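Trainee: the amino acid sequence is not available; the structure is as follows:
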């Protein structure tokens, strides 16, 4: 429920931070981590992403589906989407070309690689 329809919204930094705290708190509660310890490594070993990367993955996957649909109306929406700041920002963050958008499986690999790099940096 925490990420329901998050791919359709531009969350401001304070909302993103608050939702990230909620997401991390669930891991802390389940695994009895103190508040001052990072749970990113734990999330990685559980095969989960942190909230920021999770939202990015959902957005990129959604956009990938819209760009590759056979539904003409959705396809046109996908063409318009490439001119939005949010779309361009997320593509830039993950080094994905706006014009040659990738298949959904590649998007998942790219986001997970970025998360692994984030955890070990």
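Mentor: In hand now; what should we look at? Just so we're clear, the structure is a prediction, and the values are computed from it rather than from any experiment. Numbering: from 1, shown residues only.
Trainee: worst-scoring helix or strand of this structure, pLDDT-wise?
Mentor: Among the helices and strands of the chain, helix 72-81 carries the lowest confidence by mean pLDDT, DSSP states H and E, at a mean of 79.
Trainee: pLDDT weak spots in the protein?
Mentor: Within the chain, the segments meeting pLDDT under 70 span 99-104.
Trainee: for it, which segments count as helices?
Mentor: Using DSSP state H, the helices found in the chain span residues 13-31, 40-45, 51-67, 72-81, 85-93, 104-119.
Trainee: could these go into CSV alongside distance to residue 4 and mean neighbour count?
Mentor: For glycine as for every other residue, the C-beta is placed from the backbone atoms N, C-alpha and C. Formatted as CSV, those follow (distance: least, CB to CB, whole Å; neighbours: other CB atoms under 10 Å):
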stretch, distance to residue 4, mean neighbour count
helix 13-31, 11, 13
helix 40-45, 19, 16
helix 51-67, 10, 20
helix 72-81, 20, 13
helix 85-93, 18, 14
helix 104-119, 19, 15
